[in-house]
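S.K.: Kindly return the folded structure for what I paste below:
(one chain, ligands or ions: 1)
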Amino acid sequence: MRTLFIDREVLSYDEVKKIADSLLAQTPIRPKLGIICGSGLGALADIVEDRTVIPYEKIPGFPVSTVPGHEGKLVIGKLKGKEVVLMQGRAHCYEGYPPQKIAVPVRTMKMMGVQILFVTCAAGGINDSYQVGDIMIIRDHINLAGFAGINPLVGMNDNRFGERFPPMSDAYDRQIRALAKAEAKRMGLDPFVREGVYSMMVGPNFETVTECRLLRLVGADATGMSTVPEVLVARHCGMRVFAMGLISNLVISEYDVDEKANHEEVLETGQKRSKDLQNLVAAMVEKLDLA
Ligand SMILES: O=P(O)(O)O[C@@H]1C[C@H](O)[C@@H](CO)O1
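M.R.: Numbering: from 1, shown residues only. Below you'll find the model as predicted:
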């Protein structure tokens, strides 16, 4: 297969199938739900039972996480009795991976039988009403990296993965978002659960003040460096997607102030909210219809 990017980073349908088959051979679990854990959110793996844990280095073709807060392990097991595969940490384009490489774990999960993908991330709050520790259910995204041509679907399209021109107007599943809001309310988490628009730039630097102001102007409520490529690939291959971002910090949108965004704060906020996120995900999974 030829692409505009580095050919050897694009795995063919058969190559992805081989990875999926080799993972399934290591476990009796047949996952219908996939979960990707963002920066500092890997504690979600603690609620998975009867686990098989496979480090990404041991999965040929998988991109390996190189960033603190991303353990880099695939956890296959049961959550509330449902069979799941969870990525404890992810790889990002800013680590040097072409977006087509970020596609590999998502397509692998699809070929393992996953129908619904939960994507989580840490994000900088842009919306003035947001506070650190809020959980933002993602309603839509702005693929700013895509504006610069960074999109995992660029290249020859293999129709066995999905169609050439997938729609994205309904990328974030309305029913699952409603379930998240209902469960958050039932659990008393609603004071800090929001719903908003996530924007993605590649990073790894945090944004300038003027970039933050631009993001606010174009309608972003929070910004990050991930999630969008995974969502594009998941929708391309027909998965239902739910995504949420933990507002791990507020972006700096005033000139000449002393505060600075930093990864330590991002990880700390993840730790502080980890129980709430575990409880919310567990409650949602319990109610989710995974035929
Ligand atoms: O993987 P996510 O998007 O959760 O991680 C965010 C973006 C950067 O990797 C990092 C910055 O602190 O957190």
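
S.K.: need the residues of the stretch 101-250 of the chain near the ligand, please.
M.R.: 121-122, 203, 224-226 (C-beta under 6 Å from any ligand atom). From N, CA and C alone the C-beta is placed, and that goes for glycine too.

S.K.: out of those residues, which one sits closest to Ser22?
M.R.: Here the nearest of those to Ser22, counting by C-beta to C-beta, is Ser226; it sits at 25.6 Å.

S.K.: Whichever residue of the chain sits closest to the ligand - nearest residue in space that isn't next to it in sequence?
M.R.: Using C-beta to the nearest ligand atom, Gly38 is the residue of the chain that sits closest to the ligand, at 2.6 Å. Here the nearest residue to Gly38 in space, its sequence neighbours aside, is Cys121; by C-beta to C-beta, 6 or more residues apart in numbering that works out to 3.6 Å.

S.K.: measure Val218 to Ile36 for me?
M.R.: 25 Å (C-beta to C-beta, to the nearest Å).

S.K.: Looking at the two now, which is surrounded by more residues?
M.R.: Each of Val218 and Ile36 has its neighbours counted (other C-beta atoms under 10 Å); Ile36 has more, 26 against 11.

S.K.: hang on, isn't the more buried one packed against Phe118?
M.R.: Yes: between Ile36 and Phe118 a contact is recorded at 7.1 Å, counting by C-beta atoms under 8 Å.

S.K.: Could you check how far Ile102 is from Thr210?
M.R.: If you measure Ile102 against Thr210 using C-beta to C-beta, the figure is 28 Å.

S.K.: In terms of neighbours, single out the busier of those two.
M.R.: Set side by side, Ile102 and Thr210 show more neighbours around Ile102, with 24 against 10, by other C-beta under 10 Å.

S.K.: Need the pLDDT of the more buried one.
M.R.: Listed pLDDT for Ile102 reads 95.

S.K.: What residues does it make contact with?
M.R.: Contacts were defined as C-beta atoms under 8 Å, 6 or more residues apart in numbering; by that measure Ile102 touches 63, 90-93, 152, 229-230, 233.

S.K.: mind redoing it with 10 Å?
M.R.: Taking C-beta atoms under 10 Å, 6 or more residues apart in numbering, we find Ile102 in contact with 9, 63, 90-93, 95, 150, 152, 226, 228-230, 232-233.

S.K.: Restricted to helices, list the residues you listed.
M.R.: 228-230, 232-233 (DSSP state H).

S.K.: Highest neighbour count among those?
M.R.: Counting by other C-beta under 10 Å, Val228 has the largest number of neighbours within those, with 31 neighbours.

S.K.: Send me stretch 65-75 as PDB with only the CA atoms.
M.R.: Once side chains and other backbone atoms are set aside, the C-alpha atoms of stretch 65-75 remain, and they are given as PDB (Å, rounded to 0.1, in the frame of the first residue of the first chain):
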ATOM      1  CA  SER A  65       4.400   5.100  24.700                       C
ATOM      2  CA  THR A  66       7.400   7.200  25.700                       C
ATOM      3  CA  VAL A  67       5.700   9.800  28.000                       C
ATOM      4  CA  PRO A  68       5.300   9.700  31.800                       C
ATOM      5  CA  GLY A  69       1.700   8.900  32.800                       C
ATOM      6  CA  HIS A  70       1.400   6.400  29.900                       C
ATOM      7  CA  GLU A  71       2.200   2.900  31.200                       C
ATOM      8  CA  GLY A  72       2.200   1.400  27.700                       C
ATOM      9  CA  LYS A  73       0.300  -1.800  28.500                       C
ATOM     10  CA  LEU A  74      -2.700  -3.500  26.900                       C
ATOM     11  CA  VAL A  75      -5.000  -4.900  29.600                       C
END
